[in-house]
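S.K.: Below is the sequence, then the predicted model.
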Amino acid sequence: MMNILFVASEIYPLIKTGGLADVAGALPVALRKKGHDVRLLMPAYFGILDKVAPIQNQINLGNPFNVGDLILLETQIIENGTPIWLLQCKSLFEREGGPYLDTSGLDFEDNHIRFAALSWAAAVLASHGNLMGWQADILHINDWQAGLSAAYLKSWKMNHIPIVTTVHNLRYNGSFPLKKWHDIRLSNELLSHHGIEFYGQFSTLKAALVYADAITTVSPTYAKEILTEEYGDGLDGTLRAHQHKLYGILNGVDYDQWSPTADSEIPHKYDITSLNQKQENKLALLKENQLDEDLSQPIFGVVSRLTEQKGLDLVLEAMPSALDQGAKLILLGSGDKELEQDFLALQERYPQQVGIHIGYDESYSHRLQAGVDALLIPSRFEPCGLTQLYALKYGTLPVVRKTGGLADTVFEEGADPNGFVFEQADTPSLIEAMSRCIETYHDSNTWQERQKNAMRYDFSWEKTTDHWITLYESLIK
Ligand code: ADP
């Protein structure tokens with residue numbers, strides 16, 4: 001039995017902007033089911049205290065950043081009983097906006113201090129367990145937000161606690177101008193090319209890569225891709241230098257949340273033997289979007305952050321060809337303002353066939369997954385991707401670019417094809433893949449067979465937690 005301190009800046013169901021929250025909400029629960037004592041650490045953002053169990057204990061870590069006291073509040077996630085420490089600091093975390101962005105969508109100016117504080121608290125908890133009566137055997141940090149924990153432990157010469165860094169997306173590297181360096185209270189010694197310096201800035205993710213005992217990323221293919229200049233986002237050299245400690249462990253799915261047999265968000269539950277009920281969800285989704293209620297044509301769906309990474313500009317270009325063949329598009333997403341406007345314009349052009357919902361809506365994302373026939377994920381890069389895994393379970397066939405975790409989970413060839421795959425991130429390749437999808441859709445036996453294949457794939461956490469346990473154990477030894 002190991003004690004694991006798991007640090008993340010977003011954890012479902014408390015707060016979520018993307019896949020990190022899903023992973024941080026599910027992997028610790030899966031590890032706890034195997035008998036390990038995992039405890040979480042996250043900032044006490046505005047409103048979070050209303051969503052957790054009553055505070056059981058608290059400890060004041062002082063005021064290392066001169067922004068007010070850092071206070072650790074000990075409580076539990078109500079839905080699954082997982083112990084969590086919330087880092088309270090009024091001036092840093094109790095404000096309007098998201099976890100990283102203000103209400104107008106800009107990065108908070110003091111994000112380096114906000115997440116230095118989270119990392120500081122993690123490092124104190126990990127190295128001074130006697131403070132809380134619980135000593136971690138492993139510190140597991142996620143992404144740039146928790147990255148400086150590794151640097152603090154390094155600078156305090158606390159080398160006894162093994163650190164695992166998980167990279168959920170290398171593009172977000174926590175880089176800040178050097179003029180902010182003195183705010184985070186690290187010695188200049190660490191600010192070298194082999195340390196935290198990053199092209200004339202400093203990078204908190206680089207700190208997490210350099211000073212960790214193991215680096216993991218969220219799929220085997222992405223673990224290989226990030227060693228190349230094309231996918232390395234400037235960190236490929238660092239990753240190659242630390243390749244001996246780099247592992248790719250595929251994310252899992254929490255099937256308690258994402259399964260059409262148990263999903264309380266969808267109007268008609270179904271399984272592999274009742275796919276006709278999926279048609280009912282499709283009809284309900286068409287009604288909800290006030291679209292033409294013709295079930296004989298496929299609906300393509302998108303649930304995504306709207307960013308360059310996700311390749312949705314290709315969908316804008318490819319879609320008219322599919323729409324002209326009778327297909328439909330239903331999208332849920334938010335992000336890049338230009339993409340938002342372009343999708344709304346497409347809806348105006350095809351009001352009977354295109355339904356666009358700009359925003360973030362957890363419940364609707366379930367109805368969409370259950371109601372559409374195919375999910376478009378033409379990502380330029382994709383560390384793991386969770387939406388294709390959810391789609392598979394709902395008998396919704398993913399149409400994906402062959403990259404990262406998409407390449408590891410969606411197959412068009414072989415014994416058990418479960419979707420449609422294309423190689424090049426360009427419009428003609430996407431159009432061809434969508435055409436193959438439309439053609440297969442109209443061959444209902446083949447389509448249903450592929451749906452059933454998709455639903456049979458098992459990407460549960462139960463299957464992957466053993467990889468984590470093996471990794472942690474190897475580090476403790
Ligand atoms: P990323 O972490 O890069 O955003 P993932 O596919 O790993 O991509 O995870 C995205 C998660 O966020 C999924 O759970 C997906 O359902 C959810 N999601 C993305 N956009 C929205 C949205 N607009 N509304 C609701 N959920 C969304």
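M.R.: In hand now; what should we look at? As the structure is a computational prediction, the values presented were derived from the model and not from experiment.
S.K.: Quick check, the residue in the chain closest to the ligand?
M.R.: Nearest residue of the chain to the ligand: Gly19, at 2.4 Å (CB to the nearest ligand atom). (Each C-beta comes from the backbone N, C-alpha and C, glycine too.)
S.K.: Just the element for Gly301, please.
M.R.: Secondary-structure element containing Gly301, defined by DSSP states H and E: strand 299-306.
S.K.: now do Leu41
M.R.: Assigned by DSSP H and E, Leu41 belongs to strand 37-43.
S.K.: partners of that strand, with directions?
M.R.: Applying DSSP bridges to the sheet, strand 37-43 is found paired with strand 3-7 (parallel), strand 83-88 (parallel).
S.K.: Quick one: distance of that strand to the chain centre.
M.R.: Here the centre of mass of C-alpha atoms in strand 37-43, compared against the chain's by CA atoms, centre = their mean, to the nearest Å, lies 17 Å away.
S.K.: which is the next helix or strand following that strand?
M.R.: Next along the chain after strand 37-43, taking DSSP H and E as the criterion, comes strand 57-60.
S.K.: Check which helices and strands that following strand is in contact with.
M.R.: When contacts are defined as 3 or more CB pairs under 8 Å, 6 or more residues apart in numbering; DSSP states H and E, strand 57-60 sits against strand 71-76.
S.K.: In its sheet, which strands sit next to the strand it packs on, and in what direction?
M.R.: Based on DSSP bridges, the strands next to strand 71-76 in the sheet, each with its direction, are strand 57-60 (antiparallel), strand 83-88 (antiparallel).
S.K.: related to what we said a few turns ago, whichever helix or strand comes after the strand holding Gly301 to strand 299-306, inter-axis angle?
M.R.: Of the helices and strands lying after strand 299-306 in sequence (DSSP H and E), the nearest is helix 312-324. Helix 312-324 and strand 299-306 are oriented at 160 degrees to each other (axes from the mean of the first three to the mean of the last three CA atoms, to 10 degrees).
S.K.: helices or strands next to helix 312-324 in the packing?
M.R.: strand 299-306, strand 328-335, helix 337-349, helix 427-441.
S.K.: and it, C-alpha only, in CSV?
M.R.: The C-alpha coordinates for helix 312-324 follow below in CSV (Å, rounded to 0.1, in the frame of the first residue of the first chain):
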residue,chain,number,x,y,z
LEU,A,312,-11.4,22.4,-36.4
ASP,A,313,-10.6,24.8,-39.2
LEU,A,314,-10.4,21.7,-41.3
VAL,A,315,-13.9,20.8,-40.3
LEU,A,316,-15.1,24.2,-41.4
GLU,A,317,-13.5,23.6,-44.8
ALA,A,318,-14.6,19.9,-45.2
MET,A,319,-18.1,20.2,-43.9
PRO,A,320,-19.9,21.8,-46.9
SER,A,321,-19.0,18.7,-49.0
ALA,A,322,-20.6,16.4,-46.4
LEU,A,323,-23.5,18.7,-45.8
ASP,A,324,-24.2,18.7,-49.6
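S.K.: picking that back up, most tightly surrounded among the strands paired with strand 71-76?
M.R.: Using mean count of other CB atoms under 10 Å, the stretch among the strands paired with strand 71-76 with the greatest mean number of neighbours is strand 83-88 (a mean of 22).
S.K.: What lies in contact with that strand?
M.R.: Strand 83-88 is touched from outside by 11, 39-44, 48-49, 52, 70-77, 93, 117-118, 121, 125, 132, with contacts defined as CB atoms under 8 Å, 6 or more residues apart in numbering.
S.K.: which residues sit in contact with the residue of the chain closest to the ligand?
M.R.: His168, Val218, Asn251, Pro383, Cys384, Gly385, Leu386.
S.K.: What of Ser460?
M.R.: Applying CB under 8 Å, 6+ apart as the definition, the contact partners of Ser460 turn out to be Gly252, Val253, Tyr255.
S.K.: So the second one sits against Leu389, correct?
M.R.: Meaning Val253. Yes - taking CB atoms under 8 Å as the definition, Val253 is a contact partner of Leu389 at 4.8 Å.
S.K.: Give me the common contacts of the two.
M.R.: Shared between the contact lists of Val253 and Leu389 (criterion: CB under 8 Å, 6+ apart) are residues Phe459.
S.K.: When those two are compared, which one has more neighbours?
M.R.: For Val253 and Leu389, the more surrounded residue by other CB atoms under 10 Å is Leu389, and the numbers stand at 25 against 22.
S.K.: Which of the helices or strands spans that one?
M.R.: Once you assign secondary structure using DSSP H and E, Leu389 falls within helix 387-393.
S.K.: Partner strands of the next helix or strand after that helix, with direction?
M.R.: Toward the C-terminal end, the helix or strand that comes next after helix 387-393 (DSSP H and E) is strand 397-401. Using DSSP bridges, the neighbouring strands of strand 397-401 in the sheet come out as strand 374-377 (parallel), strand 420-422 (parallel).
S.K.: Return the most buried member of the ones you listed.
M.R.: Burial of the strands paired with strand 397-401 is given as mean neighbour count (mean count of other CB under 10 Å); strand 374-377 ranks first at a mean of 27.
S.K.: where along the stretch 151-300 of the chain do the helices fall?
M.R.: When secondary structure is read from DSSP state H, counting those that start in this stretch, the stretch 151-300 of the chain shows helices at 204-211, 220-225, 229-232, 236-241, 276-288.
S.K.: hang on, the earlier thing: direction included, what does the strand holding Gly301 pair up with?
M.R.: The partner list of strand 299-306 in its sheet, established with DSSP bridges, is strand 328-335 (parallel), strand 374-377 (parallel).
S.K.: Let's have those in JSON lines, adding distance to Asp313 and mean pLDDT.
M.R.: JSON lines is the format used below for the strands paired with strand 299-306 (distance: least, CB to CB, whole Å; pLDDT from 0 to 100):
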{"stretch": "strand 328-335", "distance to Asp313": "12", "mean pLDDT": "97"}
{"stretch": "strand 374-377", "distance to Asp313": "12", "mean pLDDT": "98"}
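S.K.: Please render the ones you listed as a markdown table that adds distance to Ile161 to the earlier fields.
M.R.: Listed next are the strands paired with strand 299-306 as a markdown table, based on distance: least, CB to CB, whole Å:
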| stretch | distance to Ile161 |
| --- | --- |
| strand 328-335 | 37 |
| strand 374-377 | 38 |
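S.K.: average pLDDT for stretch 297-308?
M.R.: Model confidence over stretch 297-308, given as mean pLDDT, is 97.
S.K.: Now do it: distance to the chain's middle.
M.R.: 17 Å.
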